[in-house]
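*Asks:* Here's my sequence, what's the structure:
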Amino acid sequence: MISLVPVLLILTFSVFCPVKSADTLTALRFGTTSSDYIRFNFDMSPFRSSLTICTWVKRVSTANSNPIIFNYWANSVHEILMSAIGTYNRVVTDDVLDSSNQYFTTPANNWFHYCLTWARSTNMIQIFVDGQLVRTGQTSSYNWRDLHSSGELWFNRLQNSVSSQYVFGGELYMFNIFSVVLSPESIKKIAKGGLCFPLDEFSDSRILKWEDILTKSRTGRVTEVTLTVMDTAYVKSLKANLESLTVTLTRTQRELETVSNRLNQTELQLEAANERVNTTVEELATAKRNLSNTAEELTIAKRNLSNTSEELTIAKRNLSNTSEELATAKKNLSSTTEELATANSNLSIKVKELDTAKRNLSTTVEELTTAKRNLSRTQEDLGTCSTTLTDTKEELAESRRYSNITKWDILYTSPYHNKILTQELIERLKSNWDVLSTFVGVNMTDTIVEHFRKHDVEKGDCDLEISDIFDMIDELVEDKTVKISRVFIRGLIRHFRENHGNQPCEGQETDREIS
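*Replies:* Next up, the predicted model:
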């Protein structure tokens, strides 16, 4: 078996910071009133499309509700805001990451690393605390614009407010603004590097530098604070590195143990392989013996094969005879197939002839149907002609009946014929002819003529039936050639009143009214 001796790694850390004086760092401590601040103008055009702001922050007092670390005032608006407790995280005035609930909290009197990023290309704002991304938000569409390039930078308060709630009153160190969006890995690297992490690799994009801010004029109580290398934050970072190395060492020890176990397993596998080799040698000797036996069996098999060859020759002869019989059967089948094809051809011809006969029969049936229809129409036409001929005969007889009538034939009627002609009869006859002027333009139908004939009897007023009067009026209304006017209606009514009285004859009733 292979055994591994545990390895003990002893790590020694040497503390070194790239500063000129005796390992000291310079921070700024701000007073607790709105009169304690730094303010200066700066060309912000390098940051118009992207930026990253990173700083180390130590809260000294927790009394103020919205402590402002940094305020960029431009075009009369808070273009950038950063607070020590995460209530304000604003770029291009957008408040998407402002929150009364605080996006992060940190204990007082401890340094923490705080970064804010923004890019015009994505309109995204991100917040990092101690290298960890804690919040992301996209600005509103009406704030999709470049950063204002000219304005004032304020530290420790709001530009337009003297309220103490916005006073930071803590310490700042290494406040820098970069002209690019630093990657999450780079931000994490700076945060883990601690207070004395060198920023040389970011010198191309570090535009506003902490060294420059230290040279700006200060108002009120703003003092420099000297930090030792072994500051709490730096010690924390060293502890974090030590813990990381301890984890790595533990992981390495586990890997060594795993390798040791694998080596032990390999030894066991090797021993098993040796045993299998020995077994294989024995199996090989057995195989040789079996091979000898197989040679004898092969000789016997050859003899059996010779016998089998003779049987195969006999089978081939039988197969040849069978092939000849099969060829004869194929010829017979071919003849039968030809006869079947001929029968199918004849059948096809008969089917075509039958189809032709069917079509001819169908045509004949259609012609017969057409002839029947023509005969029916001819019979109808003949009936119509017969009816017309009968009507014509009747009209001819009627015309002959009236062809010799004159106006004097009225004297053959009962009021005049064989009667003494009196002045009263003459006046009556004269009145009747005058009445006809009322009917000028009216078709003199049988109904109207019969009316006058009945009226011209001796007792015409009582012999005339009211129904005859209405029949005459109905016939006038139905006659489309007559244009009945108000004058005609009034004349007709006057005629009935003068010749028939206002009431129907005694004993007659009517359910219609002349109006």
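
*Asks:* Show the low-confidence segments of the stretch 251-400 of the chain, by residue range.
*Replies:* 399-400 (pLDDT under 70).

*Asks:* Oops, could you answer that again for the stretch 401-515 of the chain instead?
*Replies:* Residues of the stretch 401-515 of the chain that meet the cut-off, pLDDT under 70, sit at 401-404, 407, 453-515.

*Asks:* And the helices in the chain, which stretches?
*Replies:* 184-193, 210-213, 232-402, 423-435, 446-455, 460-463, 466-478, 486-500 (DSSP state H).

*Asks:* Which strands and helices lie in contact with the fifth one?
*Replies:* Think helix 446-455. helix 466-478 (3 or more C-beta pairs under 8 Å, 6 or more residues apart in numbering; DSSP states H and E). The way it works is simple: take the backbone N, C-alpha and C, and place the C-beta from them, glycine included.

*Asks:* nearest to Pro107, of the helices of the chain?
*Replies:* helix 232-402 (11.0 Å; C-beta to C-beta).

*Asks:* Which neighbouring elements make contact with the closest one?
*Replies:* By 3+ C-beta pairs under 8 Å, 6+ apart, helix 232-402 packs against strand 111-119, helix 184-193.

*Asks:* Can you add distance to Leu51, mean neighbour count and mean pLDDT and give these back as JSON lines?
*Replies:* Converted to JSON lines, the helices and strands packed on helix 232-402 look like this (distance: least, C-beta to C-beta, whole Å; neighbours: other C-beta atoms under 10 Å; pLDDT from 0 to 100):
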{"stretch": "strand 111-119", "distance to Leu51": "6", "mean neighbour count": "23", "mean pLDDT": "95"}
{"stretch": "helix 184-193", "distance to Leu51": "13", "mean neighbour count": "17", "mean pLDDT": "96"}
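
*Asks:* Neighbours of Thr248, how many?
*Replies:* 11 (other C-beta atoms under 10 Å).

*Asks:* try the one 3 residues further on
*Replies:* In terms of burial, Arg251 registers 10 neighbours under the definition other C-beta under 10 Å.

*Asks:* From Ser335, how far off is it?
*Replies:* Plainly put, Arg251 is 94 Å away from Ser335 if you go by C-beta to C-beta, to the nearest Å.

*Asks:* which residues touch the residue lying closest to Lys419 once chain neighbours are set aside?
*Replies:* Residue nearest to Lys419 in three dimensions, not counting chain neighbours: Leu425, with 7.3 Å by C-beta to C-beta, 6 or more residues apart in numbering. Shown in contact with Leu425 (C-beta atoms under 8 Å, 6 or more residues apart in numbering): Pro415, Tyr416, Lys419.

*Asks:* Nearest to Arg377, out of the helices and strands packed on helix 232-402?
*Replies:* By C-beta to C-beta (comparing all of the helices and strands packed on helix 232-402), the closest turns out to be strand 111-119, at 96.9 Å.

*Asks:* Given the closest one, what are its sheet partners and their directions?
*Replies:* Strand 111-119 pairs in its sheet with strand 50-58 (antiparallel), strand 124-129 (antiparallel), by DSSP bridges.

*Asks:* Residues touching the longest one, excluding its own?
*Replies:* Pointing back at strand 50-58 there. 27, 69-70, 80, 82, 84, 91, 106, 109-121, 147, 170-182, 187, 190, 195, 205, 233.

*Asks:* cutoff 7 Å now
*Replies:* Residues from elsewhere that reach strand 50-58 (C-beta atoms under 7 Å, 6 or more residues apart in numbering): 69, 82, 84, 109-120, 170-182, 187, 190, 195.

*Asks:* Check the shortest one too.
*Replies:* With contacts defined as C-beta under 7 Å, 6+ apart, strand 124-129 is touched by 89, 91, 96-97, 103-104, 112, 114-118, 133-139, 187.

*Asks:* same thing with stretch 171-190?
*Replies:* 25, 27-29, 46-47, 50-58, 60, 69, 113, 115, 117, 119, 128, 131, 133, 195, 197, 199, 202, 205-210, 213, 225, 227.

*Asks:* could you flag which of those are buried?
*Replies:* The neighbour-count criterion (16 or more other C-beta atoms under 10 Å) marks 25, 27-29, 46-47, 50-58, 60, 69, 113, 115, 117, 119, 128, 131, 195, 197, 199, 202, 205-208, 210, 213, 227 among the contacts of stretch 171-190 as buried.

*Asks:* residues contacting the residue nearest to the spatial centre of the chain?
*Replies:* Compute the mean C-alpha point of the chain, and by C-alpha atoms, centre = their mean the closest residue is Ser141, 26.2 Å away. Residues near Ser141 by C-beta under 7 Å, 6+ apart: none.

*Asks:* Return the residue of this structure that is most distant from the centre.
*Replies:* The chain, farthest from centre, C-alpha atoms, centre = their mean: Ile420 at 111.0 Å.

*Asks:* buried stuff in stretch 152-163?
*Replies:* Buried residues in stretch 152-163 (16+ other C-beta under 10 Å): Leu153, Trp154, Phe155, Asn156, Arg157, Leu158, Gln159.

*Asks:* Mind checking which of these are in strands?
*Replies:* Leu153, Trp154, Phe155 (DSSP state E).

*Asks:* I'd like a version of those residues in TSV, one that adds pLDDT as further columns.
*Replies:* Formatted as TSV, those follow (pLDDT from 0 to 100):
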residue	pLDDT
Leu153	96
Trp154	96
Phe155	97
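
*Asks:* now, among the residues you listed, which is nearest to Arg218?
*Replies:* Phe155 (9.1 Å).
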